[in-house]
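Whatever this is, show me its structure:
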Amino acid sequence: MSKIKVMDEILANKIAAGEVIERCSSIVKELVENSIDAKSSKIKIDLIDSGVTEIKVTDDGVGMDEGDALLAFQRHATSKLLSEVDLFNINSLGFRGEALPSIASVSEVSLKTCFDNVGTFILIKGGKLIKKESSDARKGTEITVRKLFYNTPARLKHLSSLYTELAHITDFINKIALSYPSISFILTNDGKTLLNTDGRGNLLKVINSIYGVDVTKKMIEVRNNDDEYDVYGYISMPEVTKSNRNHIITIVNGRVVKNQEINKCINDSYHTYKPDDRYPIVILNIEVDTS
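Predicted structure coming up:
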């Protein structure tokens, strides 16, 4: 008798969830990046208990029809990769095709979406489809994740404190808002607004929303370009510093990228003006010509 058996899909998704979903911010990242890829101009993220009890992401993007809404929760289903060649020309954000089914396998997920004035509502619990019905024809998609890890209590036990979970989510949303100043981002936790950007494409206004007016007044615009790179952003005056490197933010073609050499070069340029244990606020957008 064979000892090796093929796992059922729900069990496979639960195992995948351990790799894809490290904390609440992993879910927020996946849902928000999907909203960006859906060409949304406004994305609202509402949390309850820092996302542990509920995460709701609402956008005004292109939406999905019923077939795509159902297919989105199947493993390896994605609209972002069609062939092996696409791996070398990725212009979207999330693309693995595993995150949504993994999230749905360890939580309760409701999805309201609309395409061509036809609305669809889907409810999935523990990876099983519970309900599918027509919905109102509001533009875009609203997806709500509740009761995270309710059926895998060992994972729930190892989530960090609510403060830490919220800090990770806030950090991600701040950076994605800086990456896409033309998209309005609203982040709330337990009804309190933590970030609200207007989506008008003004990077300095986004900086003001995150750091406040006192810091914004001491930011210096930088801009340069050549045949391959277009660099634009803001750097703080030497007297404006932070206690860690997390506020040196480099964004390459819409993605936040951590590069130790670039960060060191930026920080070293301030070395005669600040203590060694303090770091500047820097937001640099680098557009690379990939043609």
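
Just the buried residues of stretch 274-287, please?
Burial within stretch 274-287, assessed by neighbour count using 16 or more other C-beta atoms under 10 Å, is assigned to 274, 278-286. For glycine as for every other residue, the C-beta is placed from the backbone atoms N, C-alpha and C.

So residue 109 is in contact with residue 123, correct?
Yes - using C-beta atoms under 8 Å, residue 109 is in contact with residue 123, at 7.5 Å.

Among the two, which residue is more densely surrounded?
Of the pair residue 109 and residue 123, residue 109 is the one with more neighbours under other C-beta atoms under 10 Å, namely 25 against 16.

For that one, which non-adjacent residue is spatially closest?
residue 124 (4.8 Å; C-beta to C-beta, 6 or more residues apart in numbering).

how much space between the one you found and residue 110?
8 Å (C-beta to C-beta, to the nearest Å).

neighbour-wise, which of these two wins?
The neighbour comparison of residue 124 against residue 110 (other C-beta under 10 Å) goes to residue 124, with 22 against 17.

can you tell me which residues contact the more buried one?
By C-beta atoms under 8 Å, 6 or more residues apart in numbering, the residues touching residue 124 are 73, 104, 108-111, 130.

what do you get for residue 246?
Contacts of residue 246 (C-beta under 8 Å, 6+ apart): residue 171.

And it, how close does it get to residue 258?
With C-beta to C-beta as the criterion, residue 246 and residue 258 are 10 Å apart.

quick one: the strands in the stretch 101-250 of the chain?
Applying DSSP state E, counting those that start in this stretch to the stretch 101-250 of the chain gives strands spanning 108-115, 118-125, 128-135, 141-146, 184-189, 192-196, 219-225, 229-236, 241-242, 248-252.

Now tabulate the ones you listed in a markdown table and tack on mean pLDDT.
Below are those laid out as a markdown table (pLDDT from 0 to 100):
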| stretch | mean pLDDT |
| --- | --- |
| strand 108-115 | 95 |
| strand 118-125 | 95 |
| strand 128-135 | 93 |
| strand 141-146 | 96 |
| strand 184-189 | 98 |
| strand 192-196 | 98 |
| strand 219-225 | 95 |
| strand 229-236 | 95 |
| strand 241-242 | 94 |
| strand 248-252 | 95 |
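
Looking at those, which is nearest to residue 209?
strand 192-196 (6.1 Å; C-beta to C-beta).

Give me the below-cutoff pLDDT ranges for the protein.
1-20, 75-98, 291 (pLDDT under 70).

how is it carved up into domains?
Domain segmentation of the chain under automatic domain parsing yields 9-196, 218-288.

part of a strand, is residue 263?
No - using DSSP: H, G, I helix; E, B strand; the rest coil, the secondary structure at residue 263 is helix, not a strand.

Near it, how many other residues are there?
For residue 263, using other C-beta under 10 Å, the count is 16.

Please name the nearest non-neighbouring residue to it.
residue 248 (5.0 Å).

correct me, but the one you found touches residue 279?
Yes - with contact defined as C-beta under 8 Å, residue 248 reaches residue 279; the gap is 6.2 Å.

Between these two, which contacts overlap?
residue 267.

got a list of what residue 199 touches?
41-42, 181-185.

Sticking with residue 266, tell me its helix or strand.
According to DSSP states H and E, residue 266 maps onto helix 260-268.

got the contact list for residue 267?
Going by C-beta under 8 Å, 6+ apart, the list of residues near residue 267 reads 245, 248, 279-280.

If we use 7 Å, what do you get?
The contact partners of residue 267, by C-beta atoms under 7 Å, 6 or more residues apart in numbering, come to 248, 279.

Check residue 174 too.
So residue 174 contacts 195, 210 (C-beta under 7 Å, 6+ apart).

ok, and the closest non-adjacent residue to residue 42?
Using C-beta to C-beta, 6+ apart and skipping residues adjacent in sequence, the residue nearest residue 42 is residue 184, 4.4 Å away.
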